[in-house]
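>>> let's see this in three dimensions:
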Amino acid sequence: MNNLEYLLKLADEAFNKQDYNKSIEYFDKLIFYYGDVVELYNNRGLAKNSIGMYEEAIKDFEMVINIDPNYVHAYNNIGLVKHNLCNYEEAIKYYNKALEIDVNCIQAYNNIGLSNYNLGNYDEAIKYYNRTIEISPNAHTYNNIGLVKNDLGMYEEAIEYFNKAIELDRNYFKAYYNIGLSKYNLKNYQEALEYFNKVIRMDSNYVYAYNNIGIIKQDLGMHEEAVKYFDKAIELYSNYPKAYYNRGLSKLKLKFYNDAVEDFNKSIELEPEYSFSYYKRGEAKLKLKHYKEAIEDYNKSIELGSSNDDINFAIGLAHYKLSCYRDAFYYFDKVSNNKKAYILKVISKIKSIFIRN
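Numbers count the residues shown, from 1 in each chain. From the prediction side, this is the model:
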């Protein structure tokens with residue numbers, strides 16, 4: 001094995017192990033010693049894309065195009081970078097450039113479908129996915145069609161497509177996972193559990209399966225068991241905001257209010273714009289009689305778009321507990337069709353007249 005082959009082997013091994021920084025180091029050396037080889041720039045660009053070095057990745061792919069304007073994968077890969085930057089319409093432009101060079105580039109058709117899916121253009125997404133399958137039937141694209149159907153609420157049809165993916169690749173665990181999601185949406189909880197557990201048997205580190213089993217346990221009122229699955233999800237991915245949020249919900253139900261607050265704190269730290277974390281932290285603080293803090297959380301939740309009768313009732317109750325009866329009346333008055341809110345509104349009105357605060 002000569003030096004070129006050896007460095008290529010090291011670069012590929014590092015890439016396959018997801019050690020992208022090391023892979024980039026090897027590609028740097030290869031480019032330094034062996035010059036303008038399109039595959040080297042292309043593969044280094046893929047490694048950079050994988051670690052979020054998007055602008056640098058685009059430069060590598062543009063270098064590929066400068067060397068070989070007909071290198072179809074470079075256009076497709078720039079599209080992937082644009083996709084990762086959520087610039088879906090720009091991504092589609094590059095995928096179309098790839099198709100101008102190779103009308104049968106299945107990656108480009110599939111990726112146009114994916115960009116349209118993210119733009120909410122479901123009919124366009126399915127059109128391009130179907131074109132991909134016409135050229136080369138594959139598990140990945142059948143799975144993508146299933147995801148569209150699932151988002152459209154067509155769960156039975158979604159399952160049919162996920163099963164087609166499995167027929168082509170028995171080890172395509174994402175299709176099993178997605179069947180679990182569709183089964184969950186159909187409220188077939190036991191079948192959903194079977195699929196999520198199958199995913200875990202196939203990949204014991206697939207964090208989302210543990211989280212979803214926890215959600216099912218929550219729905220079944222089995223909160224102690226749910227907590228164990230959220231614990232496992234967090235053990236595997238310590239920065240997973242939804243796992244902290246979901247564990248907080250179960251701890252709230254189990255009346256572990258301080259623990260629930262800690263989980264919601266972490267959820268907010270990781271995902272500060274998620275309104276429900278503030279709402280539920282407010283609920284925990286209300287239970288702990290931290291009324292002013294609860295009001296702050298409820299108001300933050302409203303600021304982020306979560307206004308409803310339950311929140312207005314909770315803010316009214318917190319003000320009532322603080323003897324701020326005029327404020328309590330104001331929020332109880334916002335609540336409709338709630339007998340308890342009506343009674344407390346009347347009491348608050350009376351107390352606001354006779355008790356000064």
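>>> residue ranges in the protein under the pLDDT threshold?
Filtered on pLDDT under 70, the chain yields the residue ranges 1-2, 355-357.
>>> ok, now which ones touch Asn143?
By C-beta atoms under 8 Å, 6 or more residues apart in numbering, the contact set of Asn143 is Tyr161, Phe162, Ala165, Tyr172, Lys174, Ala175, Asn178. In short, each C-beta sits where N, CA and C put it, glycine included.
>>> kindly report the same for Tyr291.
Counting by C-beta under 8 Å, 6+ apart, Tyr291 touches Lys285, Ala318, His319, Lys321, Leu322.
>>> and the fourth one, how many neighbours?
What that stands for is Lys321. Each residue near Lys321 was counted by other C-beta atoms under 10 Å, and the total is 14.
>>> that one contacts Lys289, correct?
Yes: using C-beta atoms under 8 Å, Lys321 is in contact with Lys289, at 7.2 Å.
>>> how close does Asp68 sit to Ile295?
Using C-beta to C-beta, to the nearest Å, Asp68 is found at 63 Å from Ile295.
>>> look at the two and report which has more neighbours.
The neighbour count for Asp68 versus Ile295, taken as other C-beta under 10 Å, is higher for Ile295 (23 against 13).
>>> ok so, going back, most neighbours, which of the contacts of Tyr291?
Counting neighbours by other C-beta under 10 Å, the top entry in the contacts of Tyr291 is Ala318, with 26 neighbours.
>>> from the contact counts, what lies against whatever helix or strand that one lives in?
In the assignment (DSSP states H and E), Ala318 maps to helix 309-321. The contact analysis (3 or more C-beta pairs under 8 Å, 6 or more residues apart in numbering; DSSP states H and E) places helix 309-321 against helix 275-287, helix 291-303, helix 325-332, helix 339-354.
>>> how distant is it from the center of its chain?
Mean C-alpha position of helix 309-321 versus that of the full chain (C-alpha atoms, centre = their mean, to the nearest Å) differs by 31 Å.
>>> taking helix 339-354 as reference, get the angle to it.
30 degrees (axes from the mean of the first three to the mean of the last three C-alpha atoms, to 10 degrees).
>>> show me the contact partners of helix 309-321.
Here helix 309-321 makes contact (C-beta under 8 Å, 6+ apart) with 279, 282-283, 286, 289, 291-292, 294-295, 298-299, 301-302, 325, 327-332, 334-338, 340-341, 344-345, 348.
>>> give me the buried positions along it.
By 16 or more other C-beta atoms under 10 Å, the buried positions in helix 309-321 come out as Ile311, Asn312, Phe313, Ala314, Ile315, Gly316, Leu317, Ala318, His319, Tyr320.
>>> identify the residue nearest the residue nearest the centre of the chain in space, chain neighbours excluded?
When C-alpha atoms, centre = their mean is applied to the chain, the residue found nearest the centroid is Lys242 (8.9 Å). The shortest distance from Lys242 to any non-neighbouring residue, by C-beta to C-beta, 6 or more residues apart in numbering, is to Asn211 (6.3 Å).
>>> okay, and the one you found sits in which element?
Going by DSSP H and E, Asn211 is in helix 207-219.
>>> got the CA positions of that helix in CSV?
Output of helix 207-219 as CSV, limited to C-alpha atoms (Å, rounded to 0.1, in the frame of the first residue of the first chain):
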residue,chain,number,x,y,z
VAL,A,207,-32.3,7.7,22.4
TYR,A,208,-35.6,8.7,20.8
ALA,A,209,-37.1,5.2,21.2
TYR,A,210,-36.5,5.4,25.0
ASN,A,211,-38.1,8.8,25.1
ASN,A,212,-41.2,7.6,23.2
ILE,A,213,-41.6,4.6,25.4
GLY,A,214,-41.6,7.0,28.3
ILE,A,215,-44.3,9.1,26.7
ILE,A,216,-46.5,6.0,26.2
LYS,A,217,-45.9,5.0,29.8
GLN,A,218,-47.0,8.5,30.7
ASP,A,219,-50.2,8.2,28.7
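>>> distance between that helix and the chain's centre?
14 Å.
>>> what is the subsequent helix or strand relative to that helix?
Per DSSP H and E, the first helix or strand lying C-terminal to helix 207-219 is helix 223-236.
>>> so which elements touch that next one?
helix 207-219, helix 241-253.
>>> what about dumping the CA coordinates of the last one to CSV?
Provided in CSV are the C-alpha atoms of helix 241-253 (Å, rounded to 0.1, in the frame of the first residue of the first chain):
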residue,chain,number,x,y,z
PRO,A,241,-34.5,19.0,26.1
LYS,A,242,-37.6,17.0,25.4
ALA,A,243,-36.5,14.2,27.7
TYR,A,244,-36.0,16.6,30.6
TYR,A,245,-39.4,18.2,29.8
ASN,A,246,-41.1,14.8,29.7
ARG,A,247,-39.4,13.6,32.9
GLY,A,248,-40.5,16.8,34.5
LEU,A,249,-44.1,16.0,33.5
SER,A,250,-44.0,12.6,35.2
LYS,A,251,-42.3,14.0,38.3
LEU,A,252,-45.1,16.6,38.5
LYS,A,253,-47.7,13.8,38.4
